[in-house]
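[1] Here is my input; please provide its structure:
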Amino acid sequence: MQLNESGFPIELIAGTGITFTENVAADGYTTDLTIAATTTNIYANNPQFDLTNPSATQIGMAPVAVTFGGTVANYAARTFTITAPTVPTWYYVTIADPTQEGEGSSPTLTATCQTSDALCGVPGNTYIGAIQAVPAGGSENVLAGGWPAPASVIVTI
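    Modelled structure (predicted):
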C-alpha cells in the first residue's frame with residue numbers, strides 16, 4: 001500500500017469506490033481525515049437468473065434485489081418487446097442506476113434490453129442478466145446477472 005508523506009494510505013482498496021481524503025493544516029498536523037464509500041461496481045443479484053422468453057417477441061424480467069456492498073436496491077418487473085428472432089439471439093438486460101438506489105415496486109429507471117453486451121459491467125448500469133431468445137419463444141438458456149458476472153452453467157436434461 002502506498003503511503004503519503006504523513007504515513008496515511010493514498011488508496012485504500014483499488015476498484016471499490018472507497019475514497020480517502022486528508023486535509024493537512026499549515027503546521028503539518030492532520031486536521032480532517034475522511035474515508036467515504038461511493039458507489040461500487042461489485043454486486044450480486046437475487047435471483048441470479050431473472051429473465052424469461054415467454055414468446056418470440058417478449059423478454060420478461062421478474063423483480064430483482066441487488067446487493068451493492070451492504071445496501072440492497074430493488075428493481076421492478078418489466079417486459080421488453082423484441083423483434084422475433086429468426087435464429088437464437090442473445091439479449092443482455094441492464095438498468096441505468098448511477099446512484100445504486102433502485103426503484104421500488106414500479107419501474108421508474110431506464111432499462112435496456114439489447115443484443116450487445118456493451119453496457120454490462122459499465123458503472124452506472126446494473127447488469128440483470130442475459131437470455132438467448134429463440135424463434136418460438138420459451139428459451140431456458142440464461143446467464144446470471146450481477147457483477148462481475150457469475151459463472152453460469154446451462155444443464156439440459
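
[2] Please count neighbours and contacts with C-alpha atoms only from this point.
    OK.

[3] can you list the weak-confidence ranges in the chain?
    Along the chain, the model assigns pLDDT under 70 to residues 1-38, 152-157.

[4] what residues are up against the residue lying closest to residue 116 once chain neighbours are set aside?
    Among residues not flanking residue 116 along the chain, residue 92 sits closest, at 6.6 Å (CA to CA, 6 or more residues apart in numbering). Going by CA atoms under 8 Å, 6 or more residues apart in numbering, residue 92 touches 112, 113, 114, 115, 116, 117, 120, 127, 128, 129, 130, 131.

[5] what does residue 94 give?
    Applying CA under 8 Å, 6+ apart, the residues contacting residue 94 are 111, 112, 113, 119, 120, 125, 126, 127, 128, 129.

[6] mind running it again at 10 Å?
    Each residue near residue 94 by CA atoms under 10 Å, 6 or more residues apart in numbering is listed here: 110-114, 117-122, 124-130, 145.

[7] Show the buried residues in those residues.
    Neighbour counting over the contacts of residue 94 (16 or more other CA atoms under 10 Å) leaves 111-114, 117, 119-121, 124-130, 145 as the buried ones.

[8] Grab the two from those that are most spread out in space.
    124 and 130 (17.7 Å; CA to CA).

[9] Show me this structure divided up by domain.
    Taking automatic domain parsing as the criterion, the chain consists of the domains 1-38, 43-143.

[10] center of this protein - which residue?
    residue 126 (2.7 Å; CA atoms, centre = their mean).

[11] On the three-state scheme, that one is what?
    Per DSSP: H, G, I helix; E, B strand; the rest coil, the secondary structure class of residue 126 is strand.

[12] how about residue 59, what does it touch?
    51-53, 78-82, 91, 93, 113, 130-133, 137-139.

[13] give me the beta-bridge partners of it?
    residue 80 (DSSP bridges).

[14] Also residue 127?
    As for beta bridges, residue 127 partners with residue 94 under DSSP bridges.

[15] I'd like the contacts of residue 92 laid out as CSV, including distance to residue 45 and secondary structure.
    Converted to CSV, the contacts of residue 92 look like this (distance: CA to CA, whole Å; DSSP: H, G, I helix; E, B strand; the rest coil):
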residue, distance to residue 45, secondary structure
112, 17, strand
113, 17, strand
114, 19, strand
115, 21, coil
116, 20, coil
117, 17, coil
120, 14, coil
127, 9, strand
128, 7, strand
129, 9, strand
130, 13, strand
131, 15, strand
